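>>> sequence first, predicted model second:
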Amino acid sequence: MTGFVVLAATSDPRPDDNNVVAGWVGAVVVVALVIAVVFILRSFTKHLKKVDAARDAGVYGDEATGGGASPEESDTPPTPRQR
C-alpha cells in the first residue's frame, strides 16, 4: 500500500506556477461556446417572434384576440390571466 503512495508522489510532481497556462485549446473552446450561445439566442428570439405573431393572429385561440372557449367551457383549470 505504501508503494502506491510513494509511486504517486514521485510520478506527479507539482508544476511551477509559471508553467501553468490555459493554452490555445481552452481559448478556442470558450470562443466556440460563446458563438454557439449567440446563434442559439438569435434562433430563440426568432421563434418567440413567430409565436407572438401567431398568437396575435389567433392561431392558439387566445382570449386576448377574442377566440377560443371561455374558462367555464374549458376542462382545464383557468390560468391566472383567465381568472
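Nice, thanks for sending it over. Numbers count the residues shown, from 1 in each chain.

>>> can you check the pLDDT for T2?
We note a pLDDT of 65 for T2 in this prediction.

>>> low-scoring pLDDT stretches of this protein, where are they?
Applying pLDDT under 70 to the chain flags residues 1-3, 5-12, 62-83.

>>> apply 80 and report the result again.
1-22, 61-83 (pLDDT under 80).

>>> quick one, helices of it?
For the chain, the helices defined by DSSP state H cover 2-11, 23-57.

>>> can you say which of the ones you listed is nearest to D17?
D17 lies closest to helix 23-57 among the helices of the chain, at 15.4 Å (CB to CB). For glycine as for every other residue, the C-beta is placed from the backbone atoms N, C-alpha and C.

>>> for the closest one, packing partners?
Under the contact definition 3 or more CB pairs under 8 Å, 6 or more residues apart in numbering; DSSP states H and E, helix 23-57 sits against no other helix or strand.

>>> highest average neighbour count across the helices of the chain?
Stretch with highest mean neighbour count among the helices of the chain: helix 23-57 (a mean of 10; mean count of other CB atoms under 10 Å).

>>> returning to what we had before: now tabulate the helices of the chain in TSV and tack on distance to D17.
Formatted as TSV, the helices of the chain follow (distance: least, CB to CB, whole Å):
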stretch	distance to D17
helix 2-11	20
helix 23-57	15
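
>>> now A32: how far from V21?
Counting by CB to CB, to the nearest Å, the gap from A32 to V21 is 19 Å.

>>> also L48?
L48 sits 41 Å away from V21, taking CB to CB as the criterion.

>>> I'm done for today, thanks for sticking with me.
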